[in-house]
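S.K.: I would like the atomic coordinates for the input below:
(one chain, ligands or ions: 2)
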Amino acid sequence: MTKISIKLSRALSHVFAPTKFRCMICGADVFDGLGFCSHCKRDVVFNNGKTCLRCGVGIDGAEDYCTNCAFDKIYFDRAYSVFSYEGAVRQAILQMKFANMGSYAAVFAEYLVFMAQKHNLQYDAVTFAPMSAQSLKKRRYNQAQLLARHFCDILDQDDMLCQAVTKVKETSPQEQLDKAQRKTNLVGAYKINADVKGKRVLVIDDVKTTGATLNECAKVLKRAGAVQVIGLTVAARKENVMYDGDEEYYVRHNSGKSNKNI
Ligand SMILES: [Zn+2]
Ligand SMILES: [Zn+2]
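M.R.: Ligands and ions are numbered 1, 2, ... in the order given. The predicted model follows:
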């Protein structure tokens, strides 16, 4: 896309994003542009307890690192997540992914900016977890790309935004696989797509589940010469908490319900 058409599509996405001033859960008016009314905010869980010093996932106990970071080869340098993936945030993210509410990315990007500023993140390029062509055709947008675009827009860092990695293979959702399958599932799924030699790359995504997506993207980026890879996601799944699949959860919680935002 040319710079002008990127600007134009962004302007249009603002026109079609009145949800910024509505609660993402109940549709009530909100006046801070931060997506949750005072009632639904009570069901928002920030990821501000004890977290893994590498990947930022919420952990219990005395260890400094989660099991993944303690025992697996980790290619990214650090990762941060704003929320715990539960309650109102999980609902809003699922709406963003499965109910055509890509406009929620504008709201969540505000939180990503807070997080980046809080930790004084330094980077030369901003990118996002890619979707395969097949998945993109189905959803028609990549919520991670929307988040990255709004993030750069808020910070006036449009020139840093790039698609550094592409996904060339369809994969199964990681949470549905056992540990051995997870290791092979993503092998060869990502390819480098931009010159990242010598760059510090920030990778944005909506949810960090097992961290495998970020890790595989980081592997590809590091092999292409990136000097640092930092992950930044809206939410992270807590370690050792079992979740049911997202699509099943979404259908169960939304069948028969009408959402005022849709
Ligand atoms: Zn609400
Ligand atoms: Zn970790």
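S.K.: Please enumerate the helices of the stretch 51-200 of the chain.
M.R.: 67-71, 87-98, 104-118, 133-139, 143-155, 179-185 (DSSP state H, counting those that start in this stretch).
S.K.: Out of these, flag the one nearest residue 222.
M.R.: Closest of the helices of the stretch 51-200 of the chain to residue 222 is helix 67-71, at 16.0 Å (criterion: CB to CB). For glycine as for every other residue, the C-beta is placed from the backbone atoms N, C-alpha and C.
S.K.: May I have the closest one as PDB, with CA atoms only?
M.R.: Output of helix 67-71 as PDB, limited to C-alpha atoms (Å, rounded to 0.1, in the frame of the first residue of the first chain):
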ATOM      1  CA  THR A  67       8.400 -23.200  32.900                       C
ATOM      2  CA  ASN A  68       8.800 -22.300  29.100                       C
ATOM      3  CA  CYS A  69      11.400 -19.700  29.700                       C
ATOM      4  CA  ALA A  70      13.300 -21.800  32.200                       C
ATOM      5  CA  PHE A  71      13.500 -24.900  30.000                       C
END
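S.K.: who in the stretch 1-150 of the chain is up against ligand 2?
M.R.: 52, 54, 55, 66, 69 (CB under 5 Å from the ion).
S.K.: hang on, the earlier thing: how about the helices of the stretch 51-200 of the chain in JSON lines, adding mean neighbour count?
M.R.: Converted to JSON lines, the helices of the stretch 51-200 of the chain look like this (neighbours: other CB atoms under 10 Å):
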{"stretch": "helix 67-71", "mean neighbour count": "15"}
{"stretch": "helix 87-98", "mean neighbour count": "22"}
{"stretch": "helix 104-118", "mean neighbour count": "20"}
{"stretch": "helix 133-139", "mean neighbour count": "11"}
{"stretch": "helix 143-155", "mean neighbour count": "22"}
{"stretch": "helix 179-185", "mean neighbour count": "12"}
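S.K.: Which two among the residues of the stretch 1-150 of the chain next to ligand 2 are spaced furthest apart?
M.R.: Farthest pair in those (CB to CB) is 54 and 66. Separation: 7.6 Å.
S.K.: If you count surrounding residues, which of the two has more?
M.R.: residue 66 (24 against 18; other CB atoms under 10 Å).
S.K.: Excluding covalently adjacent residues, which one is nearest to the more buried one?
M.R.: residue 52 (4.0 Å; CB to CB, 6 or more residues apart in numbering).
S.K.: Quick check: the gap between the one you found and ligand 1.
M.R.: Look at residue 52 and ligand 1: by CB to the ion, to the nearest Å, they are 31 Å apart.
S.K.: you'd agree that residue is up against residue 60?
M.R.: No. Residue 52 lies out of contact with residue 60 (CB atoms under 8 Å); the separation is 11.0 Å.
S.K.: which one of the helices of the stretch 51-200 of the chain lies closest to ligand 1?
M.R.: Set against ligand 1 and scored by CB to the ion, the helices of the stretch 51-200 of the chain come closest in helix 87-98, at 7.8 Å.
S.K.: Tell me where this protein has strands.
M.R.: 78-84, 125-128, 165-167, 190-192, 200-208, 228-236 (DSSP state E).
S.K.: Look up the residues forming beta bridges with the nearest residue to residue 145 once chain neighbours are set aside.
M.R.: Closest residue to residue 145 apart from its sequence neighbours, by CB to CB, 6+ apart: residue 128 at 4.8 Å. For residue 128, the beta-bridge partners under DSSP bridges are residue 204.
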